[in-house]
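J.: Here is my input, please return the structure:
(one chain, ligands or ions: 2)
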Amino acid sequence: MKDDQCIFCKIAAGEIPSKTIYEDEEFRVILDLGPATKGHALILPKDHYKDLFELPEEKAEKVIRLAKKMAAAMKENLHADGFNIIQNNSECAGQTVFHFHMHLIPRYEGDKQKIGWIPGKPSQEELEEIRKEIVGEA
Ligand code: 5GP
Ligand code: ZN
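T.: Ligands and ions are numbered 1, 2, ... in the order given. Sure thing, here's the model as predicted:
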């Protein structure tokens, strides 16, 4: 399952060169061209899935296992002090390349990078309404 128009399909297949830090039959892990920090990498499945919702469950399990392995390697070899894992779905959530990918972002004391959101201040009642909506009790 490849998409002829998709740049990450081509990178994952090795048709476009990339700085690859891991590869197996199903995945390629590459360095991001616009890194947030030193070592910022992307896990790409070799098959084309637009986002998390299209990613089959067994691949999702493998992605998180691989993320853990890569994070450990970067902590050790890049001397990262911390780590962010980010995965964007849809334009409104910041996705710009529509082939599933997981961001692996090593963090360093004092790196001054900002990854975050503006926290809301919901009441307990509002949280309860949302909880019901999510679990289908609304
Ligand atoms: P998104 O915003 O979709 O979650 O992340 C897309 C990421 O892909 C960005 O961090 C961007 O820097 C990276 N990126 C886009 N095009 C390329 C490319 O051709 N090669 C590599 N290595 N990274 C890319
Ligand atoms: Zn693709």
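
J.: tell me which element the residue in the chain sticking out farthest from the centre falls in.
T.: Ranking residues of the chain by C-alpha distance from their mean position (C-alpha atoms, centre = their mean) puts Glu125 at the top, at 32.5 Å. When elements are defined using DSSP states H and E, Glu125 is found to belong to helix 124-135.

J.: Extract the C-alpha set from that helix and format it as PDB.
T.: As requested, C-alpha coordinates have been extracted for helix 124-135 and formatted as PDB (Å, rounded to 0.1, in the frame of the first residue of the first chain):
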ATOM      1  CA  GLN A 124     -15.400  19.700  37.900                       C
ATOM      2  CA  GLU A 125     -18.900  19.800  36.300                       C
ATOM      3  CA  GLU A 126     -17.500  20.600  32.900                       C
ATOM      4  CA  LEU A 127     -14.900  17.800  33.200                       C
ATOM      5  CA  GLU A 128     -17.700  15.400  34.200                       C
ATOM      6  CA  GLU A 129     -19.800  16.400  31.100                       C
ATOM      7  CA  ILE A 130     -16.800  15.800  28.900                       C
ATOM      8  CA  ARG A 131     -16.100  12.400  30.500                       C
ATOM      9  CA  LYS A 132     -19.700  11.400  29.800                       C
ATOM     10  CA  GLU A 133     -19.500  12.500  26.200                       C
ATOM     11  CA  ILE A 134     -16.300  10.500  25.600                       C
ATOM     12  CA  VAL A 135     -17.500   7.300  27.200                       C
END
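
J.: Tell me who's in contact with the closest residue to ligand 1 within the chain.
T.: Ranked by C-beta to the nearest ligand atom, the top residue of the chain for proximity to ligand 1 is Gly34, at 3.2 Å. Every residue, glycine included, has its C-beta placed from N, CA and C. Remark: with contacts taken as C-beta atoms under 8 Å, 6 or more residues apart in numbering, Gly34 is in contact with nothing.
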